[in-house]
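>>> what follows is a predicted structure for the sequence shown.
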Amino acid sequence: MKKAIMALLALSLVFVEPMEAASQLNSKAGYIRQEYRKFVDAFKCMRRSGFKKCSSSQKKRIVIAGLAVVTCVVITSGGAYLCLRKKQTNKYAFLFQSQNDEPLSHSSHCTEEKPTLTVDLDDVMSGNVVAVSDYVRLVGKVSLRHPCKIIRLIPQLKHLKKQGEHLSKSGRGASDIIEEMLVDRELLDYKDAVIDRGVNPKPIEDMVKAIASLKQSGYRIIGATNQDYRIFKTYKEKMNKLGIPMEELFDWVLTTRADSVNVGEAKKYVDMDDNIYMLVDPKAAKPNPLYYETLKEIEWNVFNKSPEKFVHIDDRKENTDGAKKVNQFDGIHFALPRKKVSRSTKSEISATVRNLKDSLKEKGITFQ
């Protein structure tokens, strides 16, 4: 760690004392150690008496060295993030190579006698893996443009967390919660960037294969998610980039309300685009019976399908229990041992998918 700090100091000294650093670095190896000790003394002074009571040279060294550290972290994390995202593009396309001749969404032997499956997305089709590095570049960008706002934000971190927890219990969509928190801090321009970095799906390969197999077997598959419309659009875009064709896996998708979207005079749901429908009532999310009733209504009235039964698959038991209370609905709990994909091991996830397949077979739902 000491060597790393000294190397960063060498870089920062070019900005602090460029002429002196250029000559001293070439002639005296002890110069960096000397500056390192000065930095330590300045840091001790700041810890002991506060930043304001440090001398101007101490303040200068602390600020510049800090900026050098932040710059290196941003560059390193940003580069690693870009490399990782590049490698992940079309990472899961191989799952559908055998189905290229016949698109999943155009199965010719689909019959209304077969039950329609409604499938949750989060922690069923995929987990959501978000690392600190996903936000490092964004924080660096905001810091450069709005340093004062970032400084004011630091003492509010505990309040920020409490506000987020409070808003999440209100039943509002995640994009609306993000918007309100950013508006309060005059950072609304970064809403899209925050959402883009916060939605980072990691598909469950066994589950994707299972849904593709059911699709090939002639079953209609509906995406039934509590993601709001804005969040789902980002989720869909990223899944497609990873090689998961959402348009082919799902006949259509029902999302919850995003306040920023104009619903006009619609009463229950709005036809958005690309077979995506959005609930009007923000309180109608799962496990509210109105969610499942709306699924039935869209399937009957929009797509003219009248299956005898719907089977809802969800990682939350309260959602499958809620589905069972609605006429023509059954439910299967996708019971992850640790409740979240991000916390579960690969073997635990595979076992959960096998249990799901067994439950589906018990209900007469067969795979190709």
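Ah, there it is.
>>> and for the nearest residue to Asp274 once chain neighbours are set aside, the neighbour number?
Among residues not flanking Asp274 along the chain, Glu247 sits closest, at 6.7 Å (Cβ to Cβ, 6 or more residues apart in numbering). For glycine as for every other residue, the C-beta is placed from the backbone atoms N, C-alpha and C. As a burial measure, Glu247 scores 16 neighbours (other Cβ atoms under 10 Å).
>>> pLDDT wise, what is Glu247 at?
Looking at Glu247, its pLDDT stands at 91.
>>> can you pull out the low-pLDDT segments for the stretch 151-300 of the chain?
Applying pLDDT under 70 to the stretch 151-300 of the chain flags the ranges 151-172, 183-186.
>>> that one: helices as residue ranges?
Taking DSSP state H, counting those that start in this stretch as the test, the helices found in the stretch 151-300 of the chain are 157-168, 174-183, 191-198, 205-216, 229-241, 246-249, 289-301.
>>> how about a markdown table for those helices, with distance to Lys309 added?
As requested, the helices of the stretch 151-300 of the chain are exported to a markdown table (distance: least, Cβ to Cβ, whole Å):
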| stretch | distance to Lys309 |
| --- | --- |
| helix 157-168 | 33 |
| helix 174-183 | 31 |
| helix 191-198 | 36 |
| helix 205-216 | 14 |
| helix 229-241 | 26 |
| helix 246-249 | 21 |
| helix 289-301 | 11 |
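>>> for Gly364, find the nearest of those.
Of all these, helix 205-216 sits nearest to Gly364, with 12.5 Å by Cβ to Cβ.
>>> in that closest one, what's buried?
Across helix 205-216, burial judged by 16 or more other Cβ atoms under 10 Å covers 205-208, 210-216.
>>> which single one of the residues you listed is nearest to Ala335?
The closest of the buried residues of helix 205-216 to Ala335 turns out to be Met207 (Cβ to Cβ; 13.2 Å).
>>> my guess is the closest one contacts Met125. True?
Yes - in this structure, Met207 is within contact of Met125 by Cβ atoms under 8 Å, at 5.8 Å.
>>> re earlier: of all the helices of the stretch 151-300 of the chain, which lies closest to Gly264?
The minimum distance between Gly264 and the helices of the stretch 151-300 of the chain falls on helix 229-241, with 14.2 Å, by Cβ to Cβ.
>>> let me see the ranges of the strands in the chain.
For the chain, the strands defined by DSSP state E cover 116-119, 126-128, 201-203, 221-228, 252-256, 269-271, 276-279, 310-314, 329-333.
>>> contact partners for Leu336?
For Leu336, the contact set (Cβ atoms under 8 Å, 6 or more residues apart in numbering) comprises 123, 315, 344, 348-349, 352.
>>> 7 Å instead, please
By Cβ atoms under 7 Å, 6 or more residues apart in numbering, the contact set of Leu336 is 123, 315, 344, 348, 352.
>>> got the phi and psi for the closest residue to the third one other than its chain neighbours?
Spatially, and ignoring its direct neighbours in sequence, Ser344 is nearest to Arg338 (4.7 Å; Cβ to Cβ, 6+ apart). With angles defined as degrees, to the nearest 10, Arg338 sits at phi -100, psi 10.
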